[in-house]
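**Q** Just a sequence and a predicted model for now, questions to come.
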Amino acid sequence: MKSNNLKTNKVVLNTNDGFICISLDDILYVKSSNHYCFLYTNNNEEIKIATPLKQLENIFDNKYFYRCHRSYIVNLNYINMINTKTSIIYLVNEKEVPLSRRNKSELIKYLKETYNQNPSED
């Protein structure tokens, strides 16, 4: 089998039962809790994996995934809104993810630079 036939946007992660092969596009966010991580997908699935959050941060493409909190990584493509007063990220599926105060301005700046193709002139 030639490796160039494989899709490059998939990752293989350890679960309690073996391994899971999942597309990065399907992951909305990741939550770390009690030495495990939980992947939340756009199909409303919760997948428990045995990979630490720090390791996932290195595995995922940093262009589309952001460590928004000490216990969360969010897929930037699914952000619908950020409430800067409450430091909550609202995703397209109405899920809420916390945003640390320390990361708030950096994330907003990154999103504006990345997604604003025609920034307004001030």
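**A** Arrived safely, thanks for sending. What you see is a predicted model, and the numbers here were worked out from it, not measured in a lab. Residues are numbered from 1 along each chain as shown.

**Q** count of neighbours near residue 34?
**A** Residues lying near residue 34 (other CB atoms under 10 Å) number 6. To be clear about C-beta, it is placed using only N, CA and C from the backbone, and glycine gets the same treatment.

**Q** pLDDT value on it, please?
**A** For residue 34, the pLDDT comes out at 88.

**Q** before we move on, what about residue 3?
**A** 48.

**Q** Also residue 117?
**A** The confidence metric pLDDT takes the value 66 at residue 117.

**Q** just the helices in this structure please.
**A** Counting by DSSP state H, the chain has helices at residues 53-59, 101-115.

**Q** List the contacts of the first one.
**A** Applying CB atoms under 8 Å, 6 or more residues apart in numbering, the external contacts of helix 53-59 come out as 11, 13, 30, 32, 37, 51, 65, 67, 71, 73.

**Q** could you dump the helices of the chain to CSV with distance to residue 84 and mean neighbour count?
**A** CSV is the format used below for these (distance: least, CB to CB, whole Å; neighbours: other CB atoms under 10 Å):
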stretch, distance to residue 84, mean neighbour count
helix 53-59, 23, 14
helix 101-115, 6, 12
